[in-house]
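[1] turn this into a model:
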Amino acid sequence: MDADRSVTGPHLARLLGSWRSSGPAYAALARALRLLILDGRLPLRTRVPGERDLAEALGVSRTTATAAYAALRDEGFLASRRGAGSWTRLPSDRVERKPELSRLSSQSRGGGVGGEVIDLTCAATWAPAGALHAALAAATAELPRHLPEPGYDTAGLPVLREAIAAHLTARGLPTVPEQVLVTAGAQHALALLLRVLAGPGDRVLTEHPSYPNALDAIRAVGARPVPVPMLEDGWDLDMVEATLRQAAPRMAYTIPDFQNPTGLTLRAEDRERLVALARTTRTPLVADETLAEVRLGGPAPPPPLAALDPGGETVVTVGSMSKAFWAGLRIGWVRASPTLVQRLAAARATVDLSSPVVEQLVATELLRDAAPVLERQRAAARARRDVLVAALREHLPGWRFAVPDGGLSLWVELDASRSSALAALADRHGVRVAAGPRFGVDGAFERFVRLPFALPEDVLEDAVPRLAAAWRAVTDGASAGPATPALVA
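    Now for the predicted structure:
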């Protein structure tokens, strides 16, 4: 198997950090490298530096590096071929986890064995009732004007394209309606982009961890996600550059604002470098902005990624009403060059002629006066976030997480690598969670779980003690069957 990219000795040394511990140095180094692989911070199919280069970067003897690599090869975490070097892999008895698809379960305060389960797999806001009702009434009044027409508009109603363009312009991304294609949500937008820009056998660069449904969409067109690990405080742009140049992906997918699931935001200077890399390598860069409007505090975020490429030739923006307004309003969009918008509209016509007229009119009304609605939605999300943070600190003090400045979930590091076991056992305690590996490739992130704060505050307060009981059962060695499949949103 060929490697997707390589990592230098100094880069790997930075990833390893303080790796030394008691016992033989080679064993400590092997343990640290194994953990990088299992956590997804050192992706699979990555060529590692030669033994001499690693030894020099770490300031150890070559014998130590050689012994560490040998131990990892014996355990199945490295493969080697003469003349091709060594690259990361997983032992043959560890298989890639398949995507889990099923329904969303009921959201209720009832619980326990045989009762309703509190679902902590869905990161989506509840509807702004008053504003939504007013928008629906206005849309209904506007509908008669559209009845003499067929109702088919593959690119979207002109009035909505104008509203989206004005909304993006107000956010610092000058946009004209010809750059906008209306879709049935952000997932539909991404599926169309993959249909046009990628195909069977192609590589698509993704962050690691990333949004599970995006990873599934990539696989659905026969392409392969090529993950680039996130650092604790941001993006590993050295690894991004190596992957763009060496793996030559047909497309790159990123979530630059309140990244799902980590909650991180790409810094302004890193945005400039990322766009420059994409432009230099001629890689279309898809920026998923579905969470960009859900800002809960902290410093003002940088301008939109596409502001560095206003013509949309390199950076393609995906947006949606679902996270900031209501998940049930299935309206999203693509913001790109007019040429790409036309190609996407032509591709869409083979599977989906247009979005529903009434929903497009509702979205138009909401976007016309979005500021007060968004502020109320943000205030509600902020309150729920703070409730979840307080409950976790009280009931599960050993779990680590950073409080995000935006988004709809916490990315929580457990105090043991038992995420899948927790997901399998949690239903018995009246709560449902998505295991960390659902957000990764090749079984990574067993030490993590994503916990959304989308439910009402009293429900979240009820959910955490149940979660704590499930975690105690896991750490006490209770057995469990496979996790109940969950649709992660």
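[2] what's the domain layout of the chain?
    As recorded under automatic domain parsing, the domains making up the chain are 5-88, 118-123+372-475, 157-354.
[3] how far off centre is the last one?
    Okay, so that is domain 157-354. Relative to its chain's centre, domain 157-354 lies at 11 Å (Cα atoms, centre = their mean, to the nearest Å).
[4] from start to finish, how long is it in a straight line?
    Domain 157-354 stretches 9 Å from its first residue to its last (Cα to Cα, to the nearest Å).
[5] what segments of the stretch 101-250 of the chain are strands?
    Listed in chain order, the strands of the stretch 101-250 of the chain (DSSP state E, counting those that start in this stretch) span 118-119, 180-183, 203-208, 224-231, 234-235.
[6] where in the stretch 351-489 of the chain is pLDDT low?
    Regions of the stretch 351-489 of the chain meeting the criterion pLDDT under 70 cover residues 478-487.
[7] apply 50 and report the result again.
    Residues of the stretch 351-489 of the chain meeting the criterion pLDDT under 50: none.
[8] and for the chain?
    Applying pLDDT under 50 to the predicted model, the residue ranges of the chain that meet it are 93-114.
[9] Pro310 and Leu367, how far apart?
    20 Å (Cβ to Cβ, to the nearest Å). All C-beta spots, glycine's among them, are computed from the backbone N, C-alpha and C.
[10] no wait, Asp458
    Asp458 sits 32 Å away from Leu367, going by Cβ to Cβ.
[11] again with Ala336
    Here the distance between Ala336 and Leu367 works out to 19 Å (Cβ to Cβ).
[12] got CSV for the domains of the chain, with distance to Ala131 and mean neighbour count too?
    Listed next are these as CSV, based on distance: least, Cβ to Cβ, whole Å; neighbours: other Cβ atoms under 10 Å:
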stretch, distance to Ala131, mean neighbour count
domain 5-88, 40, 17
domain 118-123+372-475, 5, 21
domain 157-354, 8, 21
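[13] about what we covered before: dump the strands of the stretch 101-250 of the chain into CSV; add distance to Ser21 as well.
    Conversion of the strands of the stretch 101-250 of the chain to CSV gives the following (distance: least, Cβ to Cβ, whole Å):
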stretch, distance to Ser21
strand 118-119, 39
strand 180-183, 50
strand 203-208, 25
strand 224-231, 22
strand 234-235, 27
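[14] wait, a strand at Trp333?
    Yes. Remark: Trp333 belongs to a strand, assigned using DSSP: H, G, I helix; E, B strand; the rest coil.
[15] and it, what is it in contact with?
    Trp333 is in contact with Gly156, Ile164, Val180, Leu181, Val182, Thr183, Ala189, Val318, Gly319, Ser320, counting by Cβ atoms under 8 Å, 6 or more residues apart in numbering.
[16] count of residues packed around the first one?
    Around Gly156 sit 26 other residues, with neighbours defined as other Cβ atoms under 10 Å.
[17] and the gap between it and Met239?
    37 Å.
[18] cool, the fifth one as well?
    Here the distance between Val182 and Met239 works out to 35 Å (Cβ to Cβ).
[19] check the last one too.
    Distance check for Ser320 against Met239: by Cβ to Cβ, it reads 28 Å.
[20] cool, the second one as well?
    The gap separating Ile164 from Met239 is 34 Å, by Cβ to Cβ.
[21] contacts only, for Glu56.
    Under the criterion of Cβ under 8 Å, 6+ apart, the contact list for Glu56 reads Gly9.
[22] what's the closest non-adjacent residue to Thr403?
    Check again: residue 403 is Val, not Thr. By the measure of Cβ to Cβ, 6 or more residues apart in numbering, the closest residue to Val403 outside its immediate chain neighbours is Val389, 5.7 Å from it.
[23] immediately after the helix or strand that contains the one you found, which helix or strand?
    Following DSSP states H and E, the helix or strand that holds Val389 is helix 370-395. Sequence order places strand 409-413 as the next helix or strand after helix 370-395, per DSSP H and E.
[24] how far does the helix or strand following that next one sit from the chain's center?
    Helices and strands here follow DSSP H and E; after strand 409-413, the next one along the chain is helix 419-426. Centroid separation between helix 419-426 and its chain, computed with Cα atoms, centre = their mean, is 21 Å.
[25] strand partners (parallel or antiparallel) of the helix or strand following helix 419-426?
    Of the helices and strands lying after helix 419-426 in sequence (DSSP H and E), the nearest is strand 431-432. Based on DSSP bridges, the strands next to strand 431-432 in the sheet, each with its direction, are strand 118-119 (parallel).
[26] bridge partners for Gly406, pull those for me.
    Arg295.
[27] for Asp369, see how far away it is.
    When Cβ to Cβ is applied, the distance between Gly406 and Asp369 equals 22 Å.
[28] helix/strand/coil for the closest residue to Gly85 other than its chain neighbours?
    The shortest distance from Gly85 to any residue other than its chain neighbours is 5.2 Å, reached at Arg47 (Cβ to Cβ, 6+ apart). Assigned by three-state DSSP, the conformation of Arg47 is strand.
[29] so who does Arg47 touch?
    Taking Cβ under 8 Å, 6+ apart as the criterion, Arg47 is in contact with Ala3, Arg5, Ser6, Val7, Ala84, Gly85, Ser86, Trp87.
[30] next step: those restricted to strands.
    Among these, the members falling in strands (DSSP state E) are Arg5, Ser6, Gly85, Ser86, Trp87.
[31] Gly50 reaches Ala84, doesn't it?
    No. Gly50 lies out of contact with Ala84 (Cβ atoms under 8 Å); the separation is 11.4 Å.
[32] one step back: widest-spaced pair of the ones in strands among the contacts of Arg47?
    The largest distance within the ones in strands among the contacts of Arg47, taken as Cβ to Cβ, falls between Arg5 and Ser86 and amounts to 13.6 Å.
[33] quick check: Gly83 vs Val221, distance?
    With distances taken as Cβ to Cβ, Gly83 is found 34 Å from Val221.
[34] typo on my end, Trp126
    Trp126 sits 32 Å away from Val221, taking Cβ to Cβ as the criterion.
[35] what about stretch 421-428, distance to the chain center?
    Centre to centre, stretch against its chain (Cα atoms, centre = their mean), the figure for stretch 421-428 is 23 Å.
[36] for Ala454, what are its contacts?
    With Cβ under 8 Å, 6+ apart, Ala454 has these contacts: Cys122, Ala123, Ala124, Thr125, Trp126, Ala381, Arg384, Leu408, Ser409.
[37] show me what contacts the third one?
    Right, the one you point to is Ala124. When the contact criterion is Cβ under 8 Å, 6+ apart, the partners of Ala124 are Ser322, Lys323, Ala327, Leu408, Pro452, Ala454, Ala489.
[38] ok, for it, nearest residue in space, not its chain neighbours?
    Closest to Ala124 by Cβ to Cβ, 6+ apart is Ala327, at 3.7 Å.
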